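**Student:** 3D, please:
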Amino acid sequence: MSLKLVVVGPNDSAAYELEKVVISTLGDLVVTQRATLGDYRNTMADIYVCYSTREKEFINDFGAEKVCAIEMRAPAIFFIQIAKIPAGESVVIFNNNQGGADVILKYFKEYQINHINVNVVAFETETREELIRQKLSCAKYIIGNEGYVGKGSLLFSKYGNSLGSDHIVIASPPREGTPESISRMAKKVIFEAQKQNKNQLLIKQSHRINEAINNVAATVEELNASQEELAATMQAVTELSSQAIKDVKNTHKILDIIRQIAKQTNLLGLNAAIEAARAGDQGRGFSVVAEEVRKLSVQSTDAVRSINLTLDQMNSSFGEVISNTQQTAIIAQENAKATQSITDMVNELQQVSEEMIRSSQ
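**Tutor:** Sure, this is the predicted structure:
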């Protein structure tokens, strides 16, 4: 008989998100049942799985030994999109409670995303509707989970008329459980199964878990390599962009010289025109030449001005590329650290699984 896990979310879609994480980790070692915050207390279970923001509440209800709290986080691509938002822009995190928004803010700090002005709208706990609408109307960017900010979500059905005409929504792709919380859940389920003396099930499932762990380890190794390669690529792009900025500065120096030459040429043309005027009819031919020299000088000055403008635009673009690339590199490096953390936990779980096999035989 499998362990029964009741998976609880603020609504059914949130519970389904948690359930997918549980099933992908534990498979048929457990039987899951979804519940919402309104009805979970009426449901019996071996273990209750909730979001990390509700952990204290569930421990008060059922005790720490019967509660698994999962911290969910958005994939790296979500934070890379946010890192590309121009500096100084107003951003609203639209979430059902402050705790969920704090998780996003925690990763902002970890990934050094500090160039934007962030406000939080916790729509279930904030009772001042006008304040919610005011924050949304002032925000250029609105970010959050797909269920909260995607098409047909509460953001549009209830607050759509409060959004600015040029607002941009960045919705997180499906979230994933953090390695630490997934590891804690796996250990708790294994311990609970041992405690209930489900030996036959343990023997069968521990072999399956071992196989899954080996597959995860191989995937993690590939992921780690790709993260390191991405970080190296980002570093190379940064170096190339920096070199391009230096080249632009050197070009500015050359243009300064050309500008000075054009200025001197203009003066020479002007002096020549004056002398030609003094010479009267004898200087007419020379006057035509002097005028052409002056025109050439003016054209050179205009060309230098146009090139300078283009170079300034290039310089600004390269600066933005460097900024975005550096933030992407930071995220890649942090993900590489997280991947190493997963590797360590996989090894630890493998040891637990092997011990479980030995104790079950």
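**Student:** isn't Leu155 right next to Glu146, touching?
**Tutor:** No: counting by Cβ atoms under 8 Å, Leu155 stays clear of Glu146, with 10.7 Å between them. Heads up, the C-betas are built off the backbone N, CA and C, glycines and all.
**Student:** which stretches of the chain form helices?
**Tutor:** 12-26, 55-62, 76-83, 98-110, 129-138, 146-149, 154-159, 179-195, 199-279, 284-360 (DSSP state H).
**Student:** Could you identify which of these has the lowest mean pLDDT?
**Tutor:** Mean pLDDT is lowest for helix 199-279 among the helices of the chain, at a mean of 62.
**Student:** which residues does Ala35 bridge with?
**Tutor:** Val8 (DSSP bridges).
**Student:** tell me the contacts of it?
**Tutor:** Residues in contact with Ala35 (Cβ atoms under 8 Å, 6 or more residues apart in numbering) are 6-8, 15, 43.
**Student:** Using the record's assignment, carve this protein into domains.
**Tutor:** Following automatic domain parsing, one gets these domains for the chain: 1-70+178-197, 76-176, 234-331.
**Student:** Of all the ones you listed, which one is nearest Lys337?
**Tutor:** Across the domains of the chain, Lys337 has its closest neighbour in domain 76-176 (9.5 Å, Cβ to Cβ).
**Student:** Can you check the distance spanned by the closest one, start to finish?
**Tutor:** Start to finish, the residues bounding domain 76-176 are 11 Å apart (Cα to Cα, to the nearest Å).
**Student:** hang on, the earlier thing: can you list the domains of the chain in JSON lines and add distance to Lys337?
**Tutor:** Below are those laid out as JSON lines (distance: least, Cβ to Cβ, whole Å):
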{"stretch": "domain 1-70+178-197", "distance to Lys337": "11"}
{"stretch": "domain 76-176", "distance to Lys337": "9"}
{"stretch": "domain 234-331", "distance to Lys337": "11"}
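**Student:** Between Leu155 and Glu146, point out the one with more neighbours.
**Tutor:** Leu155 (25 against 17; other Cβ atoms under 10 Å).
**Student:** wait, what's in contact with that one?
**Tutor:** By Cβ under 8 Å, 6+ apart, the residues touching Leu155 are 94, 136, 142, 144, 148-149, 163, 169.
**Student:** cool, and Ser157?
**Tutor:** Under the criterion of Cβ under 8 Å, 6+ apart, Ser157 has no neighbours.
**Student:** One more: Tyr40?
**Tutor:** 6, 8, 48 are the contacts of Tyr40 under Cβ under 8 Å, 6+ apart.
**Student:** Select from the residues you listed the one having the most neighbours.
**Tutor:** Counting neighbours by other Cβ under 10 Å, the top entry in these is Val8, with 28 neighbours.
**Student:** before we move on, back to that, can you tell me which of the contacts of Leu155 are buried?
**Tutor:** Among those, those classed as buried by 16 or more other Cβ atoms under 10 Å are 94, 136, 142, 144, 148-149, 163, 169.
**Student:** Would you format those residues as JSON lines with distance to Gln81 included?
**Tutor:** Listed next are these as JSON lines, based on distance: Cβ to Cβ, whole Å:
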{"residue": "Phe94", "distance to Gln81": "15"}
{"residue": "Leu136", "distance to Gln81": "19"}
{"residue": "Ile142", "distance to Gln81": "13"}
{"residue": "Gly144", "distance to Gln81": "12"}
{"residue": "Tyr148", "distance to Gln81": "16"}
{"residue": "Val149", "distance to Gln81": "13"}
{"residue": "Leu163", "distance to Gln81": "19"}
{"residue": "Val169", "distance to Gln81": "11"}
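**Student:** Tell me the one among the residues you listed nearest to Glu334.
**Tutor:** Taking those together and measuring to Glu334 by Cβ to Cβ, the closest member is Gly144, at 21.0 Å.
**Student:** which residues does the closest one bridge with?
**Tutor:** Beta-bridge partners for Gly144, by DSSP bridges, are Ala171.
**Student:** right, and it touches Leu154 too?
**Tutor:** No: using Cβ under 8 Å, Gly144 is not in contact with Leu154; the gap is 10.1 Å.
**Student:** Which positions in stretch 94-109 come out as buried?
**Tutor:** For stretch 94-109, a neighbour-count test (16+ other Cβ under 10 Å) marks 94-98, 100-101, 103-104, 107-108 as buried.
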